[in-house]
Every structure is written in C-alpha cells, then in structure tokens.
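Trainee: when you get a sec, could you give me coordinates for this:
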Amino acid sequence: MQVLIVLFGSLLLYRALGAAGVPAFSAWIDCARDALATMFVVTSISHFAPMRRDLVAMVPPGWPRSDWLVFSTGLLELAGAAGLLFPSTRLWAAGGLILLMGAMFPANVSAARRGVKLRGRVATPLWLRTPMQILFIAWAWMVR
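Mentor: Numbers count the residues shown, from 1 in each chain. The predicted model follows:
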C-alpha cells in the first residue's frame with residue numbers, strides 16, 4: 001500500500017512543480033514516468049536495508065539463493081528506474097521493469113498465501129496486490 005502512496009504522491013508533487021513552472025514537470029507523461037522511477041528507487045532501497053530479511057522471506061520456499069534473488073532484483077529495480085529517465089533507454093527500461101514485475105509476482109503470491117510479515121504486517125492480500133501489479137505494469141507500458 002505504501003508503494004501506491006509513493007507512486008501517486010510523487011506524481012502529484014511533480015505535477016505541482018510543473019504547475020509552478022518547472023519545465024521538466026510540465027507534461028503529465030513526464031511526471032508519470034518520474035513518479036514510476038521514484039517508486040522503483042524507493043522499493044529498491046528496501047532490498048538493501050533492514051527490510052531485506054522480510055523480502056528474503058517472501059521468496060517461495062525451494063527457490064535457490066533467495067538472498068541473491070532479493071539483491072539482484074533490487075539492482076534491477078534501480079537500473080530500471082534510472083533507465084526510465086533517459087529517452088535512449090526508456091523503452092528497454094520499461095520493458096525490463098515489466099518483465100521484472102512479472103517475474104517477481106510469484107514471490108508476492110507466495111508471501112500472501114503463507115502470511116509472510118513485512119515490517120510486522122501481513123503481506124498485501126492477493127485481491128489487492130493483483131490489481132496493483134496490473135497498475136504498475138500498465139503504468140510502465142504507458143510511460144515507455
């Protein structure tokens with residue numbers, strides 16, 4: 001749920017900056033792209049912070065090297081966020097993030113089904129996580 005706050009909060013902040021005359025935020029699509037990049041920077045930080053243990057617990061049992069998977073997906077999220085900011089890499093970054101979100105979705109399903117706790121709270125239930133994932137994928141497609 002916090003990722004939605006980051007996504008929409010940064011979108012509104014960037015649009016407000018655009019309304020205040022900051023040229024980089026004058027178009028909705030640019031603000032939407034920057035908001036998605038912001039969201040991925042924020043989520044990637046958790047892959048290297050104390051929440052890392054919770055993310056490792058999300059990985060489905062039996063998958064190899066869950067610690068490495070969490071580390072590498074954090075790096076990929078950062079790379080994707082950076083790639084969205086440059087016209088020459090934007091399409092590849094958006095495509096890579098879409099693939100990454102699809103690849104990481106089984107961990108979200110597993111965490112929800114097993115009741116894994118993230119920051120002391122049960123993982124986002126699937127009835128909410130699934131439409132969120134669809135939103136993030138559609139958003140990445142839109143800003144490519």
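
Trainee: for Ala112, phi and psi?
Mentor: Main-chain torsions, Ala112, degrees, to the nearest 10: phi -70, psi -40.

Trainee: my guess is it contacts Leu128. True?
Mentor: No - in terms of Cβ atoms under 8 Å, Ala112 does not count as a neighbour of Leu128; the distance is 9.1 Å. In short, each C-beta sits where N, CA and C put it, glycine included.

Trainee: what about the two, which has more around it?
Mentor: Taking other Cβ atoms under 10 Å, Ala112 and Leu128 do not tie; Ala112 has more neighbours (19 against 12).

Trainee: now do the more buried one against Arg52, distance only.
Mentor: Distance, Ala112 to Arg52, using Cβ to Cβ, to the nearest Å: 19 Å.

Trainee: who touches the helix or strand hosting Thr43?
Mentor: Secondary structure from DSSP states H and E places Thr43 in helix 28-45. Here helix 28-45 makes contact (Cβ atoms under 8 Å, 6 or more residues apart in numbering) with 3, 6-8, 10-11, 14-15, 18, 24-25, 74-75, 77-78, 80-82, 84-85, 90, 97, 136, 139-140, 142-143.
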